[in-house]
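Undergrad: Dropping the sequence and predicted coords here.
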Amino acid sequence: MRVTINGNKHTFERPLTISEVLTMLQIAQDKGVAVARNYSVVSKTMLNQTYLDDGDNLDIITATAGG
């Protein structure tokens with residue numbers, strides 16, 4: 001299964017949830033993260049229920065403190 005994440009192509013052996021992908025990429029899911037799947041925002045409550053399909057595009061945005 002191939003998925004594009006922030007413009008980079010990734011290959012996975014099985015379908016994964018968005019939450020599993022975030023964990024694999026070591027991205028904290030508690031706060032400060034937004035995810036769009038195929039250009040539609042996925043609510044935080046759906047991250048562990050939304051499975052990726054072959055060819056999906058994920059955009060992951062993390063907030064950073066500072067100024």
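TA: On my side now, so go ahead.

Undergrad: ok, the spatially closest residue to residue 63 that is not a sequence neighbour to residue 22 distance?
TA: Take residue 63 and drop its neighbours on the chain: the residue closest to it by C-beta to C-beta, 6 or more residues apart in numbering is residue 32, 3.8 Å away. All C-beta atoms are positioned from the backbone trio N, CA, C, and that covers glycine. In this view, residue 32 and residue 22 are 12 Å apart by C-beta to C-beta, to the nearest Å.

Undergrad: Give me the more crowded residue out of those two.
TA: residue 22 (21 against 12; other C-beta atoms under 10 Å).

Undergrad: hang on, residue 48 in a strand?
TA: No. Using DSSP: H, G, I helix; E, B strand; the rest coil, the assignment for residue 48 is coil, not a strand.

Undergrad: check contacts around it.
TA: By C-beta atoms under 8 Å, 6 or more residues apart in numbering, the residues touching residue 48 are 17-19.
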